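S.K.: Fold the following for me, if possible:
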Amino acid sequence: MKAKATGFFRTEKVDGVWWLIDPDGHFFISKGVNHVSFQGDYSPALGYSPYNRNVQAKYGSEEKWAEATAKRLKSWGFNTIGAWSSSSLFRLMPYTLILNMGARAGADWLKGTFPDVFSPKFRQVLEDIAAKECAPRRNDQLLFGYFTDNELRWGPDWRSPRHLLDDYLLSFPPESHGKKALLDFFRKRYLTIEGFNKAWGLNLPDWESLLKLSGLPNAPTEAAEKQRLADRLDFLRIIAREYFRTCYDAIRKHDPNHLVLGVRFAGYAPRPIVEEMAQYVDVVSFNWYGFEPPVKLLSDLHQITGKPVMITEFSFKAMDSGLPNTRGAGQPVPTQKDRAENFERFVTALMKLPYCVGYHWFQWSDQPAQGRFDGENSNYGLVKENDEPWESLTETMTKVNGKVESIHIGK
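M.R.: Model prediction:
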């Protein structure tokens with residue numbers, strides 16, 4: 001199956017089915033693995049990375065490791081190097097690059113903090129990233145595309161119960177551009193402080209006192225609570241528009257050729273965010289650790305944006321691995337056979353969706369039993385700490401990866 005060759009990866013809808021098109025014009029489903037890393041996961045408790053120690057001894061150099069690893073990935077039916085992977089692989093297979101634009105400008109996906117997207121500093125950070133990371137790659141035919149960030153917090157979730165409006169209102173300094181943007185939003189909406197007070201159930205003497213607010217009392221009425229929520233969602237829309245537009249513009253200034261793959265939503269995606277994102281991404285990326293694909297969520301993402309969708313993190317971990325599996329997303333299954341069966345069921349169901357163009361497994365090697373930087377200690381790997389494969393899993397992956405194009409086209 002062939003389409004127009006442009007020299008770069010792109011997307012196309014053919015007979016009602018979405019596909020990626022590779023640089024030569026061949027139809028392509030992105031079958032990827034995240035964190036294919038020579039360094040592996042560093043364990044603070046150990047003071048080193050067990051995987052890295054083992055592969056240093058086994059291969060002698062990162063170059064030899066990369067060649068062997070790319071060969072193994074291809075033999076198991078994978079065709080894409082996912083996020084957080086070693087650059088030594090980038091000359092050997094199609095690859096993605098995660099730019100961490102928001103993260104380098106102050107976001108923290110673990111803590112859930114969000115950057116001031118209205119500040120000149122934010123724009124400068126994005127410009128610097130794009131000039132350094134995107135400009136040298138603008139003609140690289142093996143580059144599949146860019147993720148702008150990973151699992152930013154867009155509202156109340158497991159990291160914080162607050163909306164982003166509340167963060168801007170209560171945590172940003174009065175002189176910040178983000179707080180001034182919020183004040184401008186309120187001024188345009190309510191015109192006077194009296195109008196704002198009435199809507200929000202507050203009693204502030206003037207707009208300046210809003211800038212200095214450090215706490216927010218509960219809404220005194222149901223009407224005030226509803227109005228607060230409406231304002232939170234509308235300001236969230238403004239934040240999202242600024243974030244996605246600024247990221248897209250910075251990338252496109254330095255690289256007009258490669259796909260923008262989205263922000264790797266962490267299992268949820270508020271509608272205002274998705275609507276504002278639509279014109280600034282080529283593919284919607286979504287991370288999910290359930291046992292079945294979230295079909296309704298993925299369908300909504302596609303319908304709202306009109307863009308194809310990828311699952312950019314999913315995994316299954318087993319208790320027969322000898323690892324604790326107490327930290328990290330997803331519920332553990334009993335055995336490696338269960339891991340393999342869940343992979344087959346998940347990917348088969350996913351690739352029946354006409355708007356889905358890929359899936360990226362998390363991750364290449366198992367995490368240390370003693371925990372990595374965030375404490376995760378799970379059996380996510382295709383290979384163990386000693387670089388030996390989990391054979392029942394990789395054998396099933398080889399079989400499934402070899403037939404997903406037929407599943408996707410409905411044969």
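S.K.: Tell me which residue lies nearest the centroid of this structure.
M.R.: In the chain, the centroid-proximal residue (Cα atoms, centre = their mean) is R264; its distance is 1.9 Å.
S.K.: Let me see the contact set for that residue.
M.R.: 83, 98, 147, 149-151, 285-287, 312-313 (Cβ atoms under 8 Å, 6 or more residues apart in numbering). Quick note: C-beta positions are derived from backbone N, CA and C, even for glycine.
S.K.: which stretches of the protein form strands?
M.R.: Applying DSSP state E to the chain gives strands spanning 10-14, 17-21, 27-28, 30-33, 80-81, 95-98, 143-147, 259-260, 265-266, 284-287, 309-314, 356-361.
S.K.: With distance to L301, mean neighbour count and mean pLDDT added, can I get those strands in JSON lines?
M.R.: Output for the strands of the chain, formatted as JSON lines (distance: least, Cβ to Cβ, whole Å; neighbours: other Cβ atoms under 10 Å; pLDDT from 0 to 100):
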{"stretch": "strand 10-14", "distance to L301": "14", "mean neighbour count": "15", "mean pLDDT": "97"}
{"stretch": "strand 17-21", "distance to L301": "12", "mean neighbour count": "21", "mean pLDDT": "98"}
{"stretch": "strand 27-28", "distance to L301": "20", "mean neighbour count": "21", "mean pLDDT": "97"}
{"stretch": "strand 30-33", "distance to L301": "16", "mean neighbour count": "25", "mean pLDDT": "98"}
{"stretch": "strand 80-81", "distance to L301": "20", "mean neighbour count": "28", "mean pLDDT": "98"}
{"stretch": "strand 95-98", "distance to L301": "18", "mean neighbour count": "24", "mean pLDDT": "98"}
{"stretch": "strand 143-147", "distance to L301": "15", "mean neighbour count": "26", "mean pLDDT": "98"}
{"stretch": "strand 259-260", "distance to L301": "15", "mean neighbour count": "22", "mean pLDDT": "98"}
{"stretch": "strand 265-266", "distance to L301": "8", "mean neighbour count": "23", "mean pLDDT": "98"}
{"stretch": "strand 284-287", "distance to L301": "5", "mean neighbour count": "25", "mean pLDDT": "98"}
{"stretch": "strand 309-314", "distance to L301": "5", "mean neighbour count": "27", "mean pLDDT": "98"}
{"stretch": "strand 356-361", "distance to L301": "10", "mean neighbour count": "26", "mean pLDDT": "98"}
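S.K.: Between these, which one is closest to N401.
M.R.: strand 30-33 (5.1 Å; Cβ to Cβ).
S.K.: re earlier: list the backbone torsions phi and psi for the residue nearest to the centre of the chain.
M.R.: Dihedral pair for R264: phi 50, psi 70, per degrees, to the nearest 10.
S.K.: And the contacts of the least confident helix or strand in the chain by mean pLDDT?
M.R.: Sorted by mean pLDDT, DSSP states H and E, the helices and strands of the chain end with helix 207-211, the least confident at a mean of 93. The contact list for helix 207-211 (Cβ under 8 Å, 6+ apart) reads 169, 174, 179, 183, 186-187, 193, 196, 204.
S.K.: again, 7 Å this time
M.R.: Identification of contacts with helix 207-211 by Cβ atoms under 7 Å, 6 or more residues apart in numbering yields 174, 179, 183, 186-187, 193, 204.
S.K.: How about stretch 173-182?
M.R.: In this structure, residues lying in contact with stretch 173-182 by Cβ under 7 Å, 6+ apart are 116, 118-119, 165, 168-169, 172, 211-212, 235.
S.K.: Kindly reformat the residues you listed as CSV containing distance to C356 and neighbour count.
M.R.: Formatted as CSV, the contacts of stretch 173-182 follow (distance: Cβ to Cβ, whole Å; neighbours: other Cβ atoms under 10 Å):
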residue, distance to C356, neighbour count
D116, 34, 22
F118, 34, 23
S119, 36, 18
L165, 33, 22
Y168, 34, 24
L169, 38, 22
F172, 38, 20
L211, 45, 17
K212, 48, 10
F235, 32, 22
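S.K.: any idea how far Q39 is from the closest residue in space to A66 that isn't next to it in sequence?
M.R.: Among residues not flanking A66 along the chain, S88 sits closest, at 4.0 Å (Cβ to Cβ, 6 or more residues apart in numbering). Here the criterion is Cβ to Cβ, to the nearest Å. By it, S88 lies 11 Å from Q39.
S.K.: which one of the two has more residues nearby?
M.R.: Each of S88 and Q39 has its neighbours counted (other Cβ atoms under 10 Å); S88 has more, 19 against 15.
S.K.: wait, the more buried one sits on E63?
M.R.: Yes. Using Cβ atoms under 7 Å, S88 is in contact with E63, at 6.3 Å.
S.K.: For E391, the count of nearby residues, please.
M.R.: Neighbours of E391 under the rule other Cβ under 10 Å: 10.
S.K.: Next: A269.
M.R.: Using other Cβ under 10 Å, A269 has 22 other residues around it.
S.K.: List the residues that contact the residue nearest to A66.
M.R.: S88 makes contact with 38, 62-63, 66 under the criterion Cβ under 7 Å, 6+ apart.
S.K.: Now that we're looking at the residue of the chain positioned farthest from its centre, what pLDDT does it have?
M.R.: Most distant from the centre of the chain: P205, at 42.6 Å, with distances by Cα atoms, centre = their mean. If you check P205, the pLDDT there is 96.
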